[in-house]
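1. my questions are about this predicted structure, shown below with the sequence.
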Amino acid sequence: MPNLFEPLNSDGHKRSVIYHAARLTLLHDRMIKRFEKVDDAADRVQAAAEMLADVVRPAGSTQTLRM
């Protein structure tokens, strides 16, 4: 029995390119979200380190942490 309708996309290469482009977009978005989480965590660590330095440093001291 002959096909009455042509498949939506009979070009396998074109379908592959579209799939891989969509996949790369999703992976890129996930990577950006992960970098944002890492950046937020680094900011929290920086704030905690500064708070610890303020608590440990004697009052009136002008020494700073060397980073």
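-> Okay, I see it. Quantities reported herein were computed from a predicted structural model and do not represent experimental measurements.

2. quick one: low-confidence parts of the chain?
-> 1-10, 59-67 (pLDDT under 70).

3. distance of residue 56 from residue 49?
-> Using Cβ to Cβ, to the nearest Å, residue 56 is found at 10 Å from residue 49. Using the backbone N, CA and C atoms, a C-beta is placed for each residue, glycine as well.

4. more crowded one of these two?
-> residue 49 (12 against 9; other Cβ atoms under 10 Å).

5. any idea which helix or strand carries the more buried one?
-> helix 12-56 (DSSP states H and E).

6. just how off-centre is that helix within its chain?
-> 2 Å (Cα atoms, centre = their mean, to the nearest Å).

7. counting by contacts, list what it packs against.
-> The helices and strands touching helix 12-56, judged by 3 or more Cβ pairs under 8 Å, 6 or more residues apart in numbering; DSSP states H and E, number zero.

8. number of nearby residues for residue 15?
-> 13.

9. just residue 57 next, same as before
-> So residue 57, with other Cβ under 10 Å, has 13 neighbours.

10. backbone dihedrals for it, both of them.
-> Taking degrees, to the nearest 10, you get phi -70, psi 130 for the backbone angles of residue 57.
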